[in-house]
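*Asks:* Here's my sequence, what's the structure:
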Amino acid sequence: MRFRIPENINIAPVTAHIKIINNSVYSNSFLITDESGDRQFIINQTTKTFIEKFSTPKTFKQLNEEVASEVNAPVKDIKKIIQPFFKYIKYRHFIVPENYEPIKIKTSPLFNPGNNLDQYAIEEIIDTNNEVDIYRAVDINSGKNVVIKLLKQHDKKRIEEFEREFTFLQLLSETGIAPGAYAFIVTGNYTYFIQDFINGLSLPQFINRKKKSTFNLVLKIIERILYAFKEMHALNIVHGDIHSSNILITGENKIKIIDFGLALNTQLDKDQLVNFGGAYFFMPPERIKKTTHNKFLRKPDFFSDVFQLGIVLYMLLYNEYPFNGLTWEELATAIKEKQVEFPEISQYGFAVPQWLIDIIAICVSKNTKLRFANAGEVYGTFLKNNL
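*Replies:* Numbers count the residues shown, from 1 in each chain. Next up, the predicted model:
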């Protein structure tokens, strides 16, 4: 069987992908990027040369004979050296069989602005991916602005997961910390649910647009974020995927939490198998592995939510992540091993009080036993200090 490099694999110098690195460690390194997924690997010149041997399709036997001829060595001796390399790059799908045809997944939205979905007129595509479309729409009957979250994959398991998310949204919208949830619709072709449209900014938008915010306003935003998650944890609900884009700030500076696709109930879901994952830069150390394969170790809990809250507050204050890495392995190592550094001055220009730094430091502790047990404890400690 002949093998080749697939179209989705790109190899380029590390320095072509990230400008901040000027370290000699990376001077002869290359980054393999899988453009069809989220995989990235750093390799050296030797591995790059080996992979590029398959720019022209060839069998392992042909490769073996080619390398043996280049170095003027016996074929059987070269085979012992290069076979582990060959098995590795095949396992990583850096090379594939010559007749390999990738599965093409349609990522375009099912509906576009100007289309109607039942009684809803689509006005904007907020997001679209392989599984879900999110639209801003108008209810034709009432004139109300709503958000439609539509499931593309119409199978029983995904519909159950989707309905589970809607149930969490319904429960939490009663507390005022999440958008109102109205209808869950299942038809023969698609499944969707309706929720309030929140007119405001995502937290990343606030961070980037409100750089002149006052100390008092930022503290008010922090207090309301902590209050929202305090209410959630009081209902035994773990969000499971807290990150900046899942927090919305209204024009009145109220907080709304969105996206409960990875949430779970600590009382009802003890033995239930649920999907889990999340935004990489916000993952707590106890939930991840350094290896690219099967990154996530276990379900989220209150402790992991608290860690993610700490990262959110750090982002709000400094507009940067406390952990970074060029590849997953580097990022995971930083999350597991690097201690968080706290600048004295926030991105808004005011000095960050030590008591607030201490709260965030406890939230992002590597050891879960040293963290706050839940968002209620974080909120209570914040109120005691912010007098």
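
*Asks:* Contacts only, for residue 324.
*Replies:* 330, 331, 334 (Cβ atoms under 8 Å, 6 or more residues apart in numbering). (Glycine included, C-beta is placed from N, CA and C.)

*Asks:* what comes up buried for the host helix or strand of residue 172?
*Replies:* Using DSSP states H and E, residue 172 sits within helix 156-173. Neighbour-count burial for helix 156-173, counted by 16 or more other Cβ atoms under 10 Å, picks out 158-159, 162, 164-173.

*Asks:* For PyMOL, write a command that selects the buried ones of the contacts of residue 324.
*Replies:* Entered in PyMOL, the line below selects the buried ones among these, by 16+ other Cβ under 10 Å:
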select buried, resi 331+334
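
*Asks:* Which one of the contacts of residue 324 is nearest to residue 11?
*Replies:* The shortest approach to residue 11 among the contacts of residue 324 belongs to residue 330, at 17.9 Å (Cβ to Cβ).

*Asks:* And that closest one, which helix or strand is it part of?
*Replies:* Here residue 330 is assigned to helix 328-337, by DSSP H and E.

*Asks:* what's near enough to touch the closest residue to residue 177 other than its chain neighbours?
*Replies:* Counting by Cβ to Cβ, 6 or more residues apart in numbering, residue 177 lies nearest to residue 228, which is 4.0 Å off, once chain neighbours are set aside. By Cβ under 8 Å, 6+ apart, residue 228 lies in contact with 177, 247, 255, 256, 257.

*Asks:* now residue 228, what's its secondary structure?
*Replies:* Classification of residue 228 using DSSP: H, G, I helix; E, B strand; the rest coil returns helix.

*Asks:* What helix or strand is residue 146 located in?
*Replies:* Assigned by DSSP H and E, residue 146 belongs to strand 145-151.

*Asks:* Only alpha carbons, please: show that strand as CSV.
*Replies:* The C-alpha trace of strand 145-151 is given here as CSV (Å, rounded to 0.1, in the frame of the first residue of the first chain):
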residue,chain,number,x,y,z
ASN,A,145,-36.3,39.4,19.2
VAL,A,146,-35.2,35.8,20.0
VAL,A,147,-32.3,33.5,19.7
ILE,A,148,-32.8,30.1,17.9
LYS,A,149,-30.4,27.3,18.7
LEU,A,150,-30.9,24.6,16.0
LEU,A,151,-29.6,21.1,16.1
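
*Asks:* What residues of the worst-scoring helix or strand of the chain on mean pLDDT count as buried?
*Replies:* Across the helices and strands of the chain, mean pLDDT, DSSP states H and E gives its lowest value to strand 40-44, namely a mean of 74. Buried residues in strand 40-44, counted by 16+ other Cβ under 10 Å: 40, 41, 42, 43.

*Asks:* And for stretch 120-129?
*Replies:* 120, 122, 128.

*Asks:* thinking again about what came up before, by contact count, what packs against the strand holding residue 146?
*Replies:* strand 120-128, strand 132-139, helix 156-173, strand 191-196 (3 or more Cβ pairs under 8 Å, 6 or more residues apart in numbering; DSSP states H and E).

*Asks:* ranking those by mean pLDDT, which is last?
*Replies:* Ranked by mean pLDDT, those end with helix 156-173 at the bottom, a mean of 90.

*Asks:* For the most centrally placed residue in the chain, which non-adjacent residue is closest in space?
*Replies:* In the chain, the centroid-proximal residue (Cα atoms, centre = their mean) is residue 279; its distance is 2.0 Å. Of all residues not flanking residue 279 in the chain, residue 243 sits nearest, at 4.1 Å (Cβ to Cβ, 6+ apart).
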